[in-house]
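**Q** everything below, folded, please.
(chains A and B)
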Amino acid sequence: MPEMTPLAAGLAIGLGAIGPGIGVGLGVAKAMEAIGRNPEATGTLFLPLIIGLAFAEAIAIYSLIIAFLLFGKV
Amino acid sequence: MEINVDLLAPVVFYLGPFPVTNTILAAWLAIAVLIIVTFLATRKMTLVPGGLQNFVEFAVEGMLSPCEQFAGARGRSFLPLVATLFFFIVVANWMGILPFYAEGDWVHPVEWTAGHGPPLRSANSDLNVTAAMAAIELFWVHAVFIRSNGLWGWIKHLTWGPPPVLELISEIARPLSLALRLFGNILAGEVLLLVMGSLVPPLVPVLFMGFELFVGIVQALIFAMLTLAFLSLATAHHGGEEEQHGAAH
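**A** Here you go, the predicted model:
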């Protein structure tokens, strides 16, 4: 069913973004809480936060690549 | 507008039997920029740095401090690989936003078709470039592991764990995820710029280009820091030698 391929591409990125979205939200929420409690920790938190977010975000990027691959077949 | 996403970089010309794609040309340009800047900065070195030398020293020291922070006394020996990866990726990413680079091959589908692609495209939007860097990282990490734990320790580490072979899978997954993360981020950035450029042409894409500058340096930082983390994991295995180093530091 080639006419279903755009739907598959949309579903791939749409469903694939749910988990990373939750992960990024949890990570940033905790970081904000930490900064709120201890503003001096901002500098120490920044690099680990960015790296942790990259881990979560990478999963959304995987589904984005799949979506592009499917979209390229349209 | 017709957007045709082709993940393969088009071949610009052939160097003997080897096809040279536009992403390779972009990578060579980034390397050339790095070499020229380093050459100019180190041509007339002074004890009290000024101008370009000062900037390059600032950049290298900026990479040295996390190395020593994460890996202790051994951090300095990780600097060459980590800093090279960081500087190459950040320069390649930032050069990819320049106007004479194509935002993917699908920007001008009419003029550029079938092997006559644009001459330049952001180097890291090609999986071959990022996978090559991840392969270098993979070999380096395992070489460091063998050097600090011995060949037997390495074999034991890969095959023997609470669940056997799990460590082997994780070692394969690490460079795979490094390569795909960088590739996907840069490719997604290119497509984002293209879509924004076609939806709201004059001013809004500029904001997204600023965002891409940020993404470019963050992805370079992540690639370098993860390499550093894997390197320090490879050395800080079995035995408390590293702890003493850390305490002394």
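**Q** identify the residues contacting residue B:119.
**A** Residue B:119 makes contacts with B:12, B:22, B:25, as judged by CB atoms under 8 Å, 6 or more residues apart in numbering or on different chains. (Glycine included, C-beta is placed from N, CA and C.)
**Q** could you list the contact residues of chain A toward chain B?
**A** Those residues of chain A that sit near chain B, judged by CB under 8 Å from any CB of the partner chain, are A:47, A:50-51, A:54, A:57-58, A:61-62, A:64-65, A:68-69, A:71-72.
**Q** quick one: mean pLDDT for the host helix or strand of residue A:48?
**A** Using DSSP states H and E, residue A:48 sits in helix A:42-72. The average pLDDT within helix A:42-72 is 81.
**Q** once you drop chain neighbours, what's closest to the residue in chain A that chain B sits nearest to?
**A** Per CB to the nearest CB, residue A:61 is where chain A lies closest to chain B, at 3.4 Å. In space, and not counting its chain neighbours, residue A:61 is closest to residue B:184: 3.4 Å by CB to CB, 6 or more residues apart in numbering or on different chains.
**Q** just checking, that neighbour touches residue A:64?
**A** Yes - between residue B:184 and residue A:64 there is a contact under CB atoms under 8 Å: 5.8 Å.
**Q** okay, those two: which has more neighbours?
**A** residue B:184 (25 against 21; other CB atoms under 10 Å in any protein chain shown).
**Q** give me the helices and strands touching the strand or helix carrying that one, please.
**A** Following DSSP H and E, one finds residue B:184 within helix B:166-199. Secondary-structure packing of helix B:166-199 (3 or more CB pairs under 8 Å, 6 or more residues apart in numbering or on different chains; DSSP states H and E): helix A:42-72, helix B:127-159, helix B:204-235.
**Q** go again with 10 Å.
**A** Using 3 or more CB pairs under 10 Å, 6 or more residues apart in numbering or on different chains; DSSP states H and E, the elements in contact with helix B:166-199 are helix A:42-72, helix B:75-95, helix B:127-159, helix B:204-235.
**Q** what angle separates the first one from helix B:204-235?
**A** Put plainly, it is helix A:42-72. Following axes from the mean of the first three to the mean of the last three CA atoms, to 10 degrees, one obtains 110 degrees for the angle between helix A:42-72 and helix B:204-235.
**Q** next SSE downstream of whichever strand or helix holds residue B:35?
**A** Taking DSSP H and E as the definition, residue B:35 sits inside helix B:22-43. Sequence-wise, the next helix or strand downstream of helix B:22-43 (DSSP H and E) is helix B:51-71.
**Q** model confidence over that following helix, on average?
**A** Mean per-residue pLDDT for helix B:51-71: 86.
**Q** what do you get for stretch B:20-33?
**A** 88.
**Q** what comes up buried for it?
**A** Neighbour-count burial for stretch B:20-33 flags B:21-27, B:29-30, B:33 (criterion: 16 or more other CB atoms under 10 Å in any protein chain shown).
**Q** much appreciated, bye for now.
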